[in-house]
Every structure is written in structure tokens, then in C-alpha cells.
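Engineer: Okay, predicted coordinates and the sequence, questions at the end:
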Amino acid sequence: MNNVPNVEFRAPSIKKSGVEILDLELFYSRLPKYKVCPSHAHRINYFCFIYITEGQGGHFVDFKYHPFKQGSFIFVNKHQVHAFDLKNRPKGKMINITEDFLNAILTNIRIPFFTPTHLVSSQQPLLSLSSALVDTCDSLLLEINKAQESEAESQLLVQLLFSSLLVALAAERKTDVQHLSETQALRFQQFLLLIESNAAHTRDASDYAEMLHISYKSLNQMCKQASGQTAKQLIDAHAILEIKRQLIIGSAKIQDIAYELGFDDVTYFVKFFKRHTQLTPSQFRGKAATQFS
């Protein structure tokens, strides 16, 4: 099957170097110019939020199809694999932000409850907005665009406006993370980031507790409170997602993928994957080739 490409953020201007709000109709008009067809599975190195203002359809995020309608907000995190359903072309906005921009917000403005939660099985990437939040989103996105187009454009003003949007969305999303203290929420976010950067080296929850300088018991309690899952379940969820991504990225041998992701025993690798997905890696690859080609 064709390789799944990695798509990087390309800012349309200096003022939009960290965040771009793109009208979906403009996005559709540019389709012939894109090197990668957005309806084919691709992996992004930035955060992509899609806000549907009119119409319906569906979006693929990490191998699952999520139907949307007017008033839907779709969250696609960095490194996730996604694909647009271009049969239905709803109206709305695509909001692309870089990790540096998000980090700047988290550094300058304290919004501890915006945590990427795609590893949490109970958390869906799609949110149906209330009518009040629709009005809020419309207003804030308009103000962000105005701030970016202003001659006296202030990066801090853009960050403040965007953080207001994130806080409003997080409140409506009602994740379990909101039940944590600020310190716990930040630590949970650190844990998720550590999983992403260290998964090929260890899948032992005790190792992550040591990295966070807390006890294994404290880590487990925090994870259960934040997600309803144990630390080990979250670690395994990341491993399964990364295996799936690697399986559809190209034609690498199963053995090579296993070794790259830190599995020394290929037989165990296959059993681990099948235990979580009911498919062998080869079966998943064949199924994905049909679905995402």
C-alpha cells in the first residue's frame, strides 16, 4: 500500500506562524495544489481542530470514523493519523496550531485543564457544541483573525484569545482531568508526553513513576482519576496506536516494526497486538490498506 505521509505545518504568513484559521471552502478550493490528498490517511506534526458550522459528514481519526454535524468540533492531536471525508464538504473552519504556539500559551497563560486526551478510551475526538458555545467559538475565531490581520498585531493578544477558546472547549468537553488539582493535571500531561517520547524504551509504569518522581501507587491513582484507566492501560493504548500507525506508514516488515517500537520478541509483539485488537498485525495492515488507501 502507499506510504502514509507526514504533513508539516506551513504558515501562510509571519503573523500566522503559530496558528492558522482556514475557511473549509478555501481549503477545498486548494485541494488540487496539495501534494497529499487529505482524504487519504496522513500523519500531522501539529494540532488540527475542525469546526463544522453547516453540513454533515465524517472524519477518520486514528482508524475510527467519527460522524459529525453542524456544531461539531473535532480535535486531532499532533502525530495522530487522520483523513477527511471529501464526499461531504461541510462549511466551517480548520484551525491549525503548532506545538510551539500551544506551549507558549501553557507557559504564559495558566490553562492546566487543556491536556491531549486521545489515549483516554472514554474521550472521543469529537465534541457537539451547545448553542452558547457555538456563539462563543464564532466570536473568538473572528477576534483571533482580526488580531492577526491588525497592523499592531500582538502575539500575546492572539494567545489570550486562543486560550479563551481552549478553556471554553475544555469546560464543555468535561474531561475527567478537570477533577484533578492543578498540580495533578500538569503531572498527568507530563505523563502523557513521557509515554510518547519513551514508549520505545519502556512500557513499565514503574519507570514512568520514577521519571515523574512519584510513587507507582500515586501515578496509578492519578491516571484512574484522570481517565478511568490505569497507568499501564494508557501506556499500552499508546503502544497499540503507534503500532497501527507504523503498520500503515509503509511496507516495513512486522519484525522491523516490533524492534523499532521496543519489542525484543516478535512472537510476543504479535500476541500483544492481537490481545488488544483481535487482529494480527498482518490482518490489521490488510484491513487498513483497504480502508485508508
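Structural biologist: Yep, that arrived. These figures come from a predicted structure and were not determined experimentally.
Engineer: tell me the mean pLDDT for stretch 263-277?
Structural biologist: For stretch 263-277, mean pLDDT rounds to 95.
Engineer: Quick one: low-confidence residue ranges for the stretch 101-250 of the chain.
Structural biologist: 107-123, 151-153, 174-179, 250 (pLDDT under 70).
Engineer: now the strands for it?
Structural biologist: 126-128 (DSSP state E, counting those that start in this stretch).
Engineer: mind listing the helices for the stretch 1-150 of the chain?
Structural biologist: Counting by DSSP state H, counting those that start in this stretch, the stretch 1-150 of the chain has helices at residues 24-29, 99-108, 131-149.
Engineer: Determine which of the ones you listed approaches Q233 most closely.
Structural biologist: Closest approach to Q233 among the helices of the stretch 1-150 of the chain (CB to CB): helix 99-108, 25.3 Å. Just so you know, the C-beta spots here come from the backbone N, C-alpha and C atoms, and that holds for glycine as well.
Engineer: list the helices and strands that closest one packs on?
Structural biologist: If contacts are counted by 3 or more CB pairs under 8 Å, 6 or more residues apart in numbering; DSSP states H and E, helix 99-108 sits against helix 155-173.
Engineer: So F272 is in contact with F263, correct?
Structural biologist: Yes: with contact defined as CB atoms under 8 Å, F272 and F263 form a contacting pair (7.2 Å).
Engineer: For stretch 238-248, list every residue counted as buried.
Structural biologist: Judged by neighbour count using 16 or more other CB atoms under 10 Å, the buried positions of stretch 238-248 are 238-248.
Engineer: Mind checking the helices of the stretch 1-150 of the chain for the one nearest to L180?
Structural biologist: That would be helix 99-108 among the helices of the stretch 1-150 of the chain, by CB to CB, at 15.5 Å.
Engineer: That closest one: which residues count as buried?
Structural biologist: Buried, per 16+ other CB under 10 Å, within helix 99-108: 101-102, 104-106.
Engineer: For the residues you listed, give me TSV that also has distance to G58.
Structural biologist: Listed next are the buried residues of helix 99-108 as TSV, based on distance: CB to CB, whole Å:
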residue	distance to G58
F101	28
L102	26
A104	33
I105	30
L106	31
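Engineer: which one of these sits closest to L165?
Structural biologist: So of the buried residues of helix 99-108, ranked by how close each gets to L165 (CB to CB), first place is I105, at 10.2 Å.
Engineer: residues touching the closest one, list them.
Structural biologist: Residues near I105 by CB atoms under 8 Å, 6 or more residues apart in numbering: 111, 159, 162-163, 166.
Engineer: who wins for most neighbours among those?
Structural biologist: The most crowded member of the contacts of I105, judged by other CB atoms under 10 Å, is F162 (26 neighbours).
Engineer: Surely it is in contact with N145?
Structural biologist: No: in this structure F162 lies outside contact range of N145 using CB under 8 Å: 11.3 Å.
Engineer: and S215, which of the helices of the stretch 1-150 of the chain is closest to it?
Structural biologist: Closest approach to S215 among the helices of the stretch 1-150 of the chain (CB to CB): helix 99-108, 25.8 Å.
Engineer: can you state the direction angle for that closest one and helix 155-173?
Structural biologist: Orientation check (axes from the mean of the first three to the mean of the last three CA atoms, to 10 degrees): helix 99-108 against helix 155-173 gives 90 degrees.
Engineer: which residues touch stretch 23-33?
Structural biologist: Residues outside stretch 23-33 that contact it (CB under 8 Å, 6+ apart): 37-38, 50, 86, 89-94.
Engineer: Kindly export it (C-alpha atoms) in CSV.
Structural biologist: C-alpha atoms of stretch 23-33 as CSV (Å, rounded to 0.1, in the frame of the first residue of the first chain):
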residue,chain,number,x,y,z
ASP,A,23,-12.1,28.5,5.9
LEU,A,24,-13.1,25.0,4.8
GLU,A,25,-14.3,26.3,1.4
LEU,A,26,-10.9,27.8,0.8
PHE,A,27,-9.4,24.5,1.9
TYR,A,28,-11.5,22.6,-0.7
SER,A,29,-10.5,25.1,-3.5
ARG,A,30,-6.9,24.4,-2.8
LEU,A,31,-7.2,20.6,-3.0
PRO,A,32,-5.6,20.3,-6.5
LYS,A,33,-2.5,22.1,-5.2
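Engineer: quick one: average pLDDT of it?
Structural biologist: With pLDDT averaged residue by residue, stretch 23-33 scores 92.
Engineer: Centre of the chain to it, how far?
Structural biologist: Here stretch 23-33 is found 22 Å from its chain centre; the criterion is CA atoms, centre = their mean, to the nearest Å.
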